[in-house]
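Q: model this:
(one chain, ligands or ions: 1)
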Amino acid sequence: MTKPLQISFVQSATDVADLPPSPVEVAFVGRSNVGKSALINALAHRKQLARVSNTPGRTQLINLFETPTKATLVDLPGYGYAAVPGRIKKGWEKMIVGYLLGRKELAMVYVLVDGEIGPTKLDVQMLDHLRANLVAHTVVATKQDKVKSLRRDARKKELAAGCQLDPNDVVWVSATSGVGIDDLRTIVNTHLKIVSNKQGSAKA
Ligand code: GDP
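A: Next up is the predicted model:
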């Protein structure tokens, strides 16, 4: 097993403007109920670091986590929860997109797509925004265990095509079975460590 991601919870915020400056940051984004909290817990190998909820849309806060080197991981509120009034929903979505397109510390945005459901209209819109604005991003397909093994190859192709990607460019994970978690840990660690390399070379 790859070493769990060493992150600890720092604070919750309701507005991206309240996020402190960071030497380097990665963000996790996805529609409500995509499995974002479960995935962050699996990456950190902790049970309750991010709160897994059976009530979609409840986590409307931005949760900030920090590594020992002060790199930050931002867990953004899930978008697209139907029961949230349109006005509020639009407000969040605008805030999230504003942050993703404007935050200069961002080294990588992980866009979570439900592996069983595939990309929704909002997921595609999110990817379009990121692409159009040249924001570095990685698509992570969640809940791999929910796709029957016989369907997995076809599903990989369909999901990637829906995101306009090559199947090899999508990272498939399951927080439940642990599939892909090690690979994603390695990827996230690489992005979070960019800063120590940068600082190291700046000092040298
Ligand atoms: P969030 O709203 O994106 O943070 O989603 P959660 O992490 O709270 O997960 C939403 C629901 O999906 C919960 O009932 C989880 O138990 C379930 N879930 C999350 N990840 C997985 C997974 O990898 N496999 C399966 N089968 N269920 C998952």
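
Q: any idea how far the strand ranked longest in the chain is from the middle of the chain?
A: In the chain, assigned by DSSP state E, the strand with the most residues is strand 106-114. Taking C-alpha atoms, centre = their mean, to the nearest Å, the mean C-alpha location of strand 106-114 is offset from the chain mean by 4 Å.

Q: ok, stretch 142-159 next?
A: With C-alpha atoms, centre = their mean, you get 19 Å for stretch 142-159.

Q: so which strand or helix has the residue nearest to the spatial centre of the chain?
A: The C-alpha lying nearest the average C-alpha coordinate of the chain belongs to Phe28 (C-alpha atoms, centre = their mean; 2.1 Å). Following DSSP states H and E, one finds Phe28 within strand 25-30.

Q: and whichever helix or strand comes after that strand, average pLDDT?
A: Remark: after strand 25-30, the chain's next helix or strand is helix 36-44, criterion DSSP H and E. Average pLDDT, helix 36-44: 95.

Q: now do helix 36-44 and strand 25-30, the angle between them.
A: Interaxial angle, helix 36-44 versus strand 25-30 (axes from the mean of the first three to the mean of the last three C-alpha atoms, to 10 degrees): 140 degrees.

Q: any residue of helix 36-44 touching the ligand?
A: Yes: counting by C-beta under 6 Å from any ligand atom, the ligand is contacted by helix 36-44 at 36-38. Every C-beta, even on glycine, is put in place using the N, C-alpha and C of the backbone.

Q: same deal with stretch 4-15?
A: No: judged by C-beta under 6 Å from any ligand atom, stretch 4-15 stays clear of the ligand, getting no closer than 13.6 Å.

Q: show me what the closest residue in space to Leu106 that isn't next to it in sequence is bridged to.
A: Closest residue in space to Leu106, ignoring its immediate chain neighbours: Glu25 at 5.3 Å, by C-beta to C-beta, 6 or more residues apart in numbering. Note on Glu25: beta-bridge partners by DSSP bridges are Thr72, Leu106.

Q: so Glu25 makes contact with Tyr99?
A: No: using C-beta atoms under 8 Å, Glu25 is not in contact with Tyr99; the gap is 10.0 Å.

Q: and these two? Which one has more around it.
A: Glu25 (24 against 21; other C-beta atoms under 10 Å).

Q: quick check, pLDDT for the more buried one.
A: So, for Glu25, pLDDT stands at 96.

Q: next up, the contacts around it.
A: Neighbour list for Glu25: 71-74, 103, 105-107 [criterion: C-beta atoms under 8 Å, 6 or more residues apart in numbering].

Q: which residue ranges of this protein form helices?
A: 36-44, 86-102, 121-132, 152-162, 181-203 (DSSP state H).

Q: now Asp114, nearest residue through space, not along the chain?
A: Val34 (5.1 Å).

Q: do the same with Val109
A: Using C-beta to C-beta, 6+ apart, the nearest residue to Val109 is His137, at 4.2 Å.

Q: could you give the angle of the longest strand of the chain to strand 25-30?
A: 20 degrees.

Q: return the helix or strand in the protein with minimum mean pLDDT.
A: Sorted by mean pLDDT, DSSP states H and E, the helices and strands of the chain end with helix 181-203, the least confident at a mean of 72.
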